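In: Give me the fold of what follows.
(one chain, ligands or ions: 1)
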Amino acid sequence: MSLSEIEAQLSEVQQRAIADISAAATLDELDQVRVKYLGKKGDLSKVLGGMGKLSAEERPQVGALANQAKTALQSRLEQCKTDLQSAQIQAQLAAETIDVTMPGVYQPQGRIHPINSIIDQITDIFVGLGYTVAQSQEIESDYYNFEALNFLPDHPARDMQDTLYLPGGQLMRTHTSNTQIRYMENHQPPMRVLASGRCYRRDTVDATHAAVFHQIEFFAVDKDITFTDLRGTVQLFLNALFGDIEVRFRPSYFPFTEPSAEVDVRWQGQWLEVMGCGMVDPNVLKAVGCDPEVYSGFAAGLGVERLAMVQSKIDDIRRLYSSDLRFLRQF
Ligand code: DAH
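Out: As a prediction, the model looks like this:
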């Protein structure tokens, strides 16, 4: 190979290298370009491989040219590397910029609605007494809402004026007592059960009545359960919820309990009714295939809205459902 050929090759390699250096978009690519041209087996070395055939005077000339080319490429590489590095840092800075003076995103803190709050408190008390939490449906049949609970066929609660019936004969449960039947059908005593949920009645809405409201039902069935167990449980529960409060039992009537009672608490100088209760009627036990000669039980149902109103001094039940933040923020 002649001197001029080598010179031509050198300048060709140099031009290609310069183009490749400019085209490198990342530091990795740039390094590949460096290896390709300046590496031990790189293009520059290959050209110089042809030097052996040159004369002794020509060799230093080529050597000098090659060194020039090498130095030129190295400084280009170095320059390009610095550019890419600073571009990378700029991009990272732009991507990670935090403007600490920007206003934060306001996340208002939610609160537990007074109804859910009291259900939680009551559930906690009964879970502490070893009760199981159960649920049953809100769309119910006459059987589970009334018949199995020993309501007579002509009982006024069944009336269209009181109960919301659905097309097809189903109804919206009027109380959580349907849970007694549903649960006892599928479980054997001993049992201690708590169930809370929505109930529906065809009531005219006023300060103390809502068409949709909540009840909590609790019941226990076992051998040798007596009215004393009911009294003790109710007293313990009301003290846990309201503190040291006076409690009284008044005789009452429910189709599904015998005897039955209503329970009042002394609250701000007045007796306030908070629940109905009684000993599970033998007919109810029979309806679920439980022998009333062997087992007995007690049951009670409480109006959740009533308790929430007493606990939080709320004057009108409608406030609980008005979604008025000025009201709800107080809890
Ligand atoms: N279900 C009754 C009502 O809605 C409340 C009730 C009373 C439930 C006595 C009971 C009970 O379990 O024993 O008025």
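In: Distance of residue 132 relative to the ligand?
Out: Computed as Cβ to the nearest ligand atom, to the nearest Å, the residue 132 to the ligand distance reads 16 Å. Using the backbone N, CA and C atoms, a C-beta is placed for each residue, glycine as well.
In: Please apply the same query to residue 264.
Out: On the measure of Cβ to the nearest ligand atom, residue 264 and the ligand end up 14 Å apart.
In: Now that that residue has come up, it's in contact with residue 273, right?
Out: Yes: between residue 264 and residue 273 there is a contact under Cβ atoms under 8 Å: 5.2 Å.
In: okay, now the domains of the chain?
Out: Structural domains assigned to the chain are 3-96, 114-328, following automatic domain parsing.
In: Format those as a markdown table; extra columns: mean pLDDT.
Out: Output for those, formatted as a markdown table (pLDDT from 0 to 100):
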| stretch | mean pLDDT |
| --- | --- |
| domain 3-96 | 87 |
| domain 114-328 | 94 |
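In: winner for burial among those?
Out: Comparing these by mean neighbour count (mean count of other Cβ atoms under 10 Å), domain 114-328 ranks first with a mean of 17.
In: Name the SS class of the residue of the stretch 51-200 of the chain found nearest the ligand, please.
Out: Using Cβ to the nearest ligand atom, the closest approach of the stretch 51-200 of the chain to the ligand is made by residue 175 at 3.3 Å. Classification of residue 175 by DSSP: H, G, I helix; E, B strand; the rest coil places it in coil.
In: who's in contact with it?
Out: 145, 199, 215, 217, 301 (Cβ atoms under 8 Å, 6 or more residues apart in numbering).
In: before we move on, the earlier item: for residue 103, which of the domains of the chain is the nearest?
Out: Ranking the domains of the chain by proximity to residue 103 (Cβ to Cβ) places domain 3-96 first, at 19.7 Å.
In: Flag every residue of the stretch 201-331 of the chain that's near the ligand.
Out: Residues of the stretch 201-331 of the chain lying close to the ligand (Cβ under 6 Å from any ligand atom) are 217, 254, 257, 276-278, 299-301.
In: and if we set it to 8 Å?
Out: Contacts of the stretch 201-331 of the chain with the ligand, taken as Cβ under 8 Å from any ligand atom, map to 215, 217-219, 252, 254, 256-257, 260, 262, 275-278, 280, 298-303.
In: Double-check residue 118 against residue 306; I have them as touching.
Out: No: using Cβ under 8 Å as the test, residue 118 is too far from residue 306 to be in contact (9.9 Å).
In: and the residue in the stretch 151-300 of the chain positioned nearest to the ligand, what is it in contact with?
Out: Using Cβ to the nearest ligand atom, the closest approach of the stretch 151-300 of the chain to the ligand is made by residue 276 at 2.7 Å. Shown in contact with residue 276 (Cβ under 8 Å, 6+ apart): 252, 254, 257, 260-263, 300-302.
In: and those residues as CSV, adding secondary structure?
Out: Output for the contacts of residue 276, formatted as CSV (three-state DSSP):
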residue, secondary structure
252, strand
254, strand
257, strand
260, strand
261, strand
262, strand
263, strand
300, strand
301, strand
302, strand
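In: Kindly reformat the residues you listed as JSON lines containing distance to residue 85.
Out: Output for the contacts of residue 276, formatted as JSON lines (distance: Cβ to Cβ, whole Å):
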{"residue": "252", "distance to residue 85": "86"}
{"residue": "254", "distance to residue 85": "84"}
{"residue": "257", "distance to residue 85": "84"}
{"residue": "260", "distance to residue 85": "86"}
{"residue": "261", "distance to residue 85": "85"}
{"residue": "262", "distance to residue 85": "83"}
{"residue": "263", "distance to residue 85": "80"}
{"residue": "300", "distance to residue 85": "76"}
{"residue": "301", "distance to residue 85": "75"}
{"residue": "302", "distance to residue 85": "72"}
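In: contact partners of stretch 68-81?
Out: Contacts of stretch 68-81 (Cβ under 8 Å, 6+ apart): 10-11, 13-14, 17-18, 21-22, 24, 27, 30, 33-34, 37-38, 44.
In: Closest one to the ligand out of these, please.
Out: Minimum distance to the ligand across the contacts of stretch 68-81 is 76.6 Å, recorded for residue 27 (Cβ to the nearest ligand atom).
In: from what I can see the closest one touches residue 88, true?
Out: Yes: Residue 27 is in contact with residue 88 according to Cβ under 8 Å; the separation is 7.4 Å.
In: Please tell me how far the most centrally placed residue in the chain sits from residue 116.
Out: The centre of the chain sits closest to residue 110, judged by Cα atoms, centre = their mean, with a distance of 12.9 Å. When distance is defined by Cβ to Cβ, to the nearest Å, residue 110 is 11 Å away from residue 116.
In: One more: residue 301?
Out: Computed as Cβ to Cβ, the residue 301 to residue 116 distance reads 18 Å.
In: now residue 208
Out: Distance from residue 208 to residue 116, by Cβ to Cβ: 20 Å.
In: How about the contacts made by residue 43?
Out: Counting by Cβ under 8 Å, 6+ apart, residue 43 touches 13, 16-17, 36-37.
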